[in-house]
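>>> Turn this into a model:
(one chain, ligands or ions: 1)
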Amino acid sequence: MGPEKVDLMAAETFYIGMDLGGTTFKALAVTPDGTVLDRAQADTQAVDGPQAVVQRMVETTRRLQAEVSSPTRHLAAVGFGIPGILDLPAGRVRRSPNLPGWEGFDLRAALVPHLEAPIAIENDANAAALGEAWLGAGRGMQHFLMLTLGTGVGGGIIVAGKVLHGACGYAGEPGHTVVDPNGPRCGCGSHGCLEQFTSGTAIARMAEPSYGQITAHEVALAARRGESQALEVYRQVGQYLGIACASFANLFNPQGLVIGGAVANAFDLFIEAMQTTMRQRTFVEVYNSLRIVPAECGTDAGGLGAAYQAMQHASA
Ligand SMILES: [Zn+2]
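Reported below is the predicted structural model:
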């Protein structure tokens, strides 16, 4: 027992996963088996621009590193989940709707001099999908799609256990699949994107004719009281999810669809319409081989996935 124990302790490492949002960022210190050792959170204060935000992320990483490190436990790598369109090979942010001034920002060059450990960068929604793949609803699935239904609709595609990045790292934007060509104009410039029918913002808009100003959460409460207008809004959410997900499923035969984000708290209110629509529009073999499940990692998904990406990067 004695010598063996010493060897194990000498080999102990941990990873830090950072999930950057437009309002706050969150860091998790995680062991290779997924145990969260410690966590930290701070305001992004995005208006200060990228250099100031990077400095805050570096300070938080260093503080967490100092708290968790010991003579027998050291930081092996740090992963960053960043919202926006990233040029992954270059380590640059192309643009980020929630982070003003980040267009073309060389994130890798800004981070590397300030951290002793190697770093990995990933899109935040892809990181959330990796978090679910590692420790959540995607465990045991080699092929799945994660949809994050929040203020907007994000997503990540896992194929053969890895994030599908595409040619430049821009892949995995299921929220901007057109489900109604005549639908409302979308922030991306298109019309009738999935996001326009299934985000929290969209649910509030869809309920407005019946309820006036209302939040998606309040619409869910009204639906749970049995109010038909609110139930109808969530039925439509399920229907549009079903239309889009039927195409996604036919495209890559996933084992699962993992639904996360705040809107997924109303999973029970849209799942039936989603399943019905999918059954009508998906190849029967494809439909029968997949499961639709709510996400399990909650707001930790992005940080866990960023840590996981760091771990993969460090051992590559
Ligand atoms: Zn769009």
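>>> Touching the helix or strand L64 falls within from outside, list them.
L64 is part of helix 50-68 when elements are defined by DSSP states H and E. With Cβ atoms under 8 Å, 6 or more residues apart in numbering as the contact definition, helix 50-68 has outside contacts at 14, 16, 18, 20, 25, 27, 29, 37-40, 42, 44-46, 75, 78, 80, 93, 99, 101-102, 105, 107, 110-111, 114-115, 117. Quick note: C-beta positions are derived from backbone N, CA and C, even for glycine.
>>> cool, stretch 138-146 as well?
125, 128-129, 132-133, 155-161, 174, 245, 248, 252-260, 295.
>>> again, 7 Å this time
Residues outside stretch 138-146 that contact it (Cβ atoms under 7 Å, 6 or more residues apart in numbering) are 128-129, 132-133, 155-161, 174, 248, 252-258, 260.
>>> returning to what we had before: for ChimeraX, write a command that selects the buried ones of the contacts of helix 50-68.
A single ChimeraX command selects the buried members of the contacts of helix 50-68 (16 or more other Cβ atoms under 10 Å):
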select :14,16,18,20,25,27,29,40,44,46,75,78,80,93,99,101,102,105,107,110,111,115,117
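>>> And the helices in the chain, which stretches?
Along the chain, counting by DSSP state H, helices occupy 2-10, 50-68, 107-111, 124-135, 195-198, 200-211, 216-224, 228-252, 267-281, 284-288, 301-315.
>>> Mind putting the ones you listed into JSON lines with mean pLDDT and distance to G189?
Output for those, formatted as JSON lines (pLDDT from 0 to 100; distance: least, Cβ to Cβ, whole Å):
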{"stretch": "helix 2-10", "mean pLDDT": "47", "distance to G189": "54"}
{"stretch": "helix 50-68", "mean pLDDT": "97", "distance to G189": "24"}
{"stretch": "helix 107-111", "mean pLDDT": "97", "distance to G189": "25"}
{"stretch": "helix 124-135", "mean pLDDT": "96", "distance to G189": "19"}
{"stretch": "helix 195-198", "mean pLDDT": "97", "distance to G189": "12"}
{"stretch": "helix 200-211", "mean pLDDT": "97", "distance to G189": "17"}
{"stretch": "helix 216-224", "mean pLDDT": "98", "distance to G189": "24"}
{"stretch": "helix 228-252", "mean pLDDT": "98", "distance to G189": "18"}
{"stretch": "helix 267-281", "mean pLDDT": "98", "distance to G189": "26"}
{"stretch": "helix 284-288", "mean pLDDT": "97", "distance to G189": "31"}
{"stretch": "helix 301-315", "mean pLDDT": "93", "distance to G189": "26"}
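>>> Out of those, which gets nearest to the ion?
The closest of the helices of the chain to the ion is helix 195-198. By Cβ to the ion, the value is 5.4 Å.
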